[in-house]
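Enquirer: Sequence and predicted structure, then a few things I'm wondering about:
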Amino acid sequence: MTTRQALGKGLGALIGSVDTATGTLRDLPLADISPNPYQPRVVFDEAGLAELADSIARQGVLQPVTVRQNPKGGYELISGERRWRASKLAGRDAIPALIRDADRAESLELALVENLQRKNLNPMESALAYQRLITEFHLTQEQVAARVGKERSSVANIVRLINLPAPVQGHIHEERISLGHAKVLLALADRPDLQVNLASRVVADGLSVRQLEAVVARQQTPPAPKPRKPADLRDLEARLKARLGTAVAVSEGKRSGRIEIRYKGPEQRERLIARLLAEV
């Protein structure tokens, strides 16, 4: 069964549920289970965990967690860390677990797919998980997309989030800014300081995605070119420069004008003064 097919049939089809053909179902002591080091989920809502713990205290764990044997002893979670944490909060000693034979890549993949299917991951967590599959397990974006049941373009767009500055990534992690905001900020890839400042404005002022787009558009609009100096003034500057031997700037307004003579050091200044006075 492919991952894409499993996604269409539900989580039970993916992890095998109680099918002993894909693993062994047992009640395992919570103390024998360690968290999945490849868990893509970073943020666990404390209030949500407390609610789940209350449910587990009343009804037990309805969906087994999935584990693999830890080479160092005991078991390592593949998926179900939220249920494992809530069971500890509920004061339980054991949890139903499906023991699977899985390597590191499969462990990350299964944890990622479970969270994606349950829509538990925020965009930043998804981006980091995808990138981990790419860098640590040498998968292409196409292979990642096939394994998690997404389009390649969707994976590529999410992975781009890792290029944002750390403070902006933090806002995404904490869900203070949306994926839409993040995509707008990516247009400022060569101005990381501005990305951070604008992300802070979104948080502080509650800017919508459209409002942020307008701000970014203004930042990207090149300044209007300075009007070219009239030909007669440029000609006058050239003649004065040739006469005085130094740079001269001539400007004119509606009612007045200005001639600026530039010099370098006292000696050139004295020569200019002498030449100007000699012309009077």
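Expert: Alright, I've got the coordinates. All of these numbers come straight from a predicted model, not from anything done at the bench.
Enquirer: For the helix or strand harbouring A278, name the packing helices and strands.
Expert: Here A278 sits within helix 265-279, counting by DSSP states H and E. Using 3 or more Cβ pairs under 8 Å, 6 or more residues apart in numbering; DSSP states H and E, the elements in contact with helix 265-279 are helix 231-244. For glycine as for every other residue, the C-beta is placed from the backbone atoms N, C-alpha and C.
Enquirer: what does the helix it packs on rub up against?
Expert: Judged by Cβ atoms under 8 Å, 6 or more residues apart in numbering, the contacts made with helix 231-244 from elsewhere in the structure are A247, V248, A249, V250, S251, E252, I259, I261, L272, R275, L276.
Enquirer: May I see the buried residues of the helix holding A278?
Expert: When burial is assessed from 16 or more other Cβ atoms under 10 Å, helix 265-279 yields the following buried residues: L272.
Enquirer: Kindly report the same for stretch 153-163.
Expert: Buried residues in stretch 153-163, counted by 16+ other Cβ under 10 Å: V155, N157, I158, V159, L161.
Enquirer: Strands of the protein, residue ranges please.
Expert: Chain-ordered strands for the chain, with DSSP state E as the definition, fall at 24-29, 33-34, 65-69, 75-79, 94-99, 248-252, 257-261.
Enquirer: of these, which approaches L212 most closely?
Expert: For the strands of the chain, distance to L212 was read as Cβ to Cβ. The smallest value, 35.4 Å, belongs to strand 75-79.
Enquirer: give me every residue that touches G180.
Expert: Residues counted as contacts of G180 (Cβ under 8 Å, 6+ apart) are V209.
Enquirer: Can I get stretch 168-185 as PDB, trimmed to CA atoms?
Expert: What follows is stretch 168-185 as a C-alpha-only set of coordinates in PDB (Å, rounded to 0.1, in the frame of the first residue of the first chain):
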ATOM      1  CA  VAL A 168       9.800  35.300  11.700                       C
ATOM      2  CA  GLN A 169       9.900  31.500  12.000                       C
ATOM      3  CA  GLY A 170       9.100  31.900  15.700                       C
ATOM      4  CA  HIS A 171       6.000  33.900  14.900                       C
ATOM      5  CA  ILE A 172       4.800  31.100  12.500                       C
ATOM      6  CA  HIS A 173       5.500  28.500  15.100                       C
ATOM      7  CA  GLU A 174       3.400  30.300  17.700                       C
ATOM      8  CA  GLU A 175       0.700  31.000  15.000                       C
ATOM      9  CA  ARG A 176       1.000  34.700  15.500                       C
ATOM     10  CA  ILE A 177       1.300  35.200  11.700                       C
ATOM     11  CA  SER A 178      -0.300  33.000   9.000                       C
ATOM     12  CA  LEU A 179       1.100  31.100   6.100                       C
ATOM     13  CA  GLY A 180      -0.300  33.900   3.900                       C
ATOM     14  CA  HIS A 181       1.700  36.500   5.700                       C
ATOM     15  CA  ALA A 182       4.800  34.300   5.500                       C
ATOM     16  CA  LYS A 183       4.500  34.000   1.700                       C
ATOM     17  CA  VAL A 184       4.300  37.800   1.300                       C
ATOM     18  CA  LEU A 185       7.400  38.200   3.500                       C
END
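Enquirer: what two of the contacts of helix 231-244 are the furthest from one another?
Expert: For those, the maximum inter-member distance is 23.8 Å, found between E252 and R275 (Cβ to Cβ).
Enquirer: how close does A86 sit to E46?
Expert: Taken as Cβ to Cβ, to the nearest Å, the spacing of A86 relative to E46 amounts to 11 Å.
Enquirer: List the residues that contact the spatially most central residue of the chain.
Expert: Centroid-nearest residue in the chain: L161, 2.8 Å away (criterion: Cα atoms, centre = their mean). Under the criterion of Cβ under 8 Å, 6+ apart, the neighbours of L161 are P123, M124, A127, Q169, I172, A182, L186.
Enquirer: and with 6 Å instead?
Expert: For L161, the residues meeting the contact criterion (Cβ atoms under 6 Å, 6 or more residues apart in numbering) are M124, A127, A182.
Enquirer: isn't the second one right up against I158?
Expert: Yes: A127 sits in contact with I158 when judged by Cβ atoms under 6 Å, with a separation of 4.8 Å.
Enquirer: ok, back up a step: could you single out the nearest of the buried residues of stretch 153-163 to G206?
Expert: Among these, L161 lies closest to G206 (Cβ to Cβ), at 21.2 Å.
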